[in-house]
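> Okay, structure incoming, though there's no sequence with it:
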């Protein structure tokens, strides 16, 4: 071994016995003069560690962002602009802004004004409602219109079919309808048959007594009871249009004479026209005194036969009696 070894051992013992000196913060540790690097490291290891007292840097005011990535624009709610001049009228049911009565959409929000309160409109006539069937408001976007199905639509088509049938029928019978209207409003004028004939007659009471316009003369078949099947016929030389008839039952117009004879109750009127066709109508009379008026619309009449079917106040000593039968036609002075 070398001679320097004992000297080095004594130096290490002296270093271990040296007192520990505290080091001020922030002051660098001084290495003893002539100390070897190993000694300096050992000296630094003996020092007490102290935390770094340097003040931390303040955080930045603006957080860093990635460069080149723009921030997305946020939606902005725009407030309504200045209102136009106020309009007089009902308010909008959606935004309560007044609108003129002639507007269909709100001047502010654009919503429909169909539900706003308004004065009830006058009901259009039927002919305008027929032509205005398809003029309905269009549905809103996304709103499904109601389907017209079921029995209601069937009734609608049935009504249209009936209306079309009436129009066609009226087109083919316009002349008949016009004549009926003229007969209804025309003035009446009496017309006297040119001749008369009966199945049988009582002595002194011929068939022409029914058409002499005298109420105290009468016609009777001369048989008792109801005289079922007995008839009397009025004849016209020219085809005549008849509108009404007046029949006076009994032997006169006095109420006291009603019990003196049997009165006709039901009769068949057989109408013969100029073309030879015959039409039968039933006439029912009341048990009253005086003339009884009945409608008797017929045209081109050449004869009318009255057949007795039943009677009032029948008896073995009474016969059916008729005082007067009067026919009425359209007056030529009525202007129609």
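Great, that's in hand. Here the structure is a predicted model, which means the values were calculated and not measured.

> host element of residue 203?
In this structure, residue 203 is located outside every helix and strand according to DSSP states H and E.

> State the pLDDT value of it.
For residue 203, the pLDDT comes out at 89.

> and it, how many residues sit next to it?
The tally of other residues near residue 203 (other C-beta atoms under 10 Å) stands at 7. For every residue, glycine as well, the C-beta is placed using N, CA and C.

> list the contacts for the nearest residue to it once chain neighbours are set aside?
Among residues not flanking residue 203 along the chain, residue 222 sits closest, at 7.3 Å (C-beta to C-beta, 6 or more residues apart in numbering). For residue 222, the contacting residues are 200, 201, 202, 203, 319, by C-beta atoms under 8 Å, 6 or more residues apart in numbering.

> Go through stretch 256-276 and flag the buried ones.
Going by neighbour count (16 or more other C-beta atoms under 10 Å), the buried part of stretch 256-276 is 257, 258, 261, 262, 263, 264, 265, 267, 269, 270, 271, 272.

> now the residues you listed in CSV, with pLDDT?
As requested, the buried residues of stretch 256-276 are exported to CSV (pLDDT from 0 to 100):
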residue, pLDDT
257, 85
258, 84
261, 89
262, 91
263, 92
264, 93
265, 94
267, 95
269, 95
270, 95
271, 96
272, 96
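
> Filter those down to the ones in strands?
Counting by DSSP state E, the part of the buried residues of stretch 256-276 found in strands is 263, 264, 265, 267, 269, 270, 271, 272.

> nearest to residue 191, of these?
The nearest member of those to residue 191, counting by C-beta to C-beta, is residue 271 at 14.4 Å.

> can you give me the strands for the protein?
Ranges of strands in the chain, per DSSP E, are 188-191, 195-198, 231-249, 263-273, 278-284, 291-312, 322-330.

> List the contacts of residue 250.
218, 257, 258, 260, 261, 263, 289, 321, 322, 323.

> Please tell me how far the first one sits from residue 261.
Computed as C-beta to C-beta, to the nearest Å, the residue 218 to residue 261 distance reads 8 Å.

> Quickly list what's touching both of the two.
The contact sets of residue 218 and residue 261 overlap at 250, 251, 321 (C-beta under 8 Å, 6+ apart).

> Verify the stated contact: the second one with residue 218.
Yes. Look at residue 251 against residue 218 with C-beta atoms under 8 Å: they come within range, at 4.6 Å.

> got any residues that touch both of the two?
Residues touching both residue 251 and residue 218 (C-beta under 8 Å, 6+ apart) are 261, 321, 323.

> For the longest helix along the chain, which outside residues touch it?
In the chain, ranked by residue count with DSSP state H as the criterion, the top helix is helix 151-172. When contacts are defined by C-beta under 8 Å, 6+ apart, helix 151-172 is touched by residues residue 177.

> quick one: which of the buried residues of stretch 256-276 is nearest residue 311?
Closest approach to residue 311 among the buried residues of stretch 256-276 (C-beta to C-beta): residue 262, at 4.5 Å.

> Hmm, that closest one is touching residue 316, no?
No. Using C-beta under 8 Å, residue 262 and residue 316 do not qualify as a contacting pair, with a distance of 10.6 Å.

> what touches both of the two?
With C-beta under 8 Å, 6+ apart, residue 262 and residue 316 have common neighbours residue 225.

> still on that earlier bit, wait, which of the strands of the chain is closest to residue 91?
Going by C-beta to C-beta, the one of the strands of the chain nearest residue 91 is strand 291-312, 62.8 Å.

> Backbone dihedrals for residue 222, both of them.
The phi/psi pair for residue 222 (degrees, to the nearest 10) reads phi 80, psi 20.

> quick one: pLDDT of it?
88.

> Give me the distance between it and residue 242.
Look at residue 222 and residue 242: by C-beta to C-beta, they are 28 Å apart.

> same check, this time on residue 230
Per C-beta to C-beta, residue 230 is found 22 Å from residue 242.

> just residue 182 next, same as before
14 Å.

> likewise residue 198?
For residue 198, the distance to residue 242 - C-beta to C-beta - is 20 Å.

> which residue packs closest to residue 107, ignoring adjacent ones?
residue 99 (5.7 Å).

> I figured that neighbour hits residue 90, correct?
Yes. At 7.0 Å, residue 99 counts as touching residue 90 under the criterion of C-beta under 8 Å.

> Which of these two has more residues huddled nearby?
residue 99 (20 against 15).

> where does the more buried one fall, phi/psi-wise?
With angles defined as degrees, to the nearest 10, residue 99 sits at phi -140, psi 150.

> One more: residue 108?
Main-chain dihedrals, residue 108, degrees, to the nearest 10: phi -110, psi -60.

> neighbours around it, how many?
For residue 108, the count of nearby residues is 17 (other C-beta under 10 Å).

> confidence score at it?
We note a pLDDT of 84 for residue 108 in this prediction.

> Kindly provide the distance from it to residue 101.
When distance is defined by C-beta to C-beta, residue 108 is 16 Å away from residue 101.

> Good, wrapping up.
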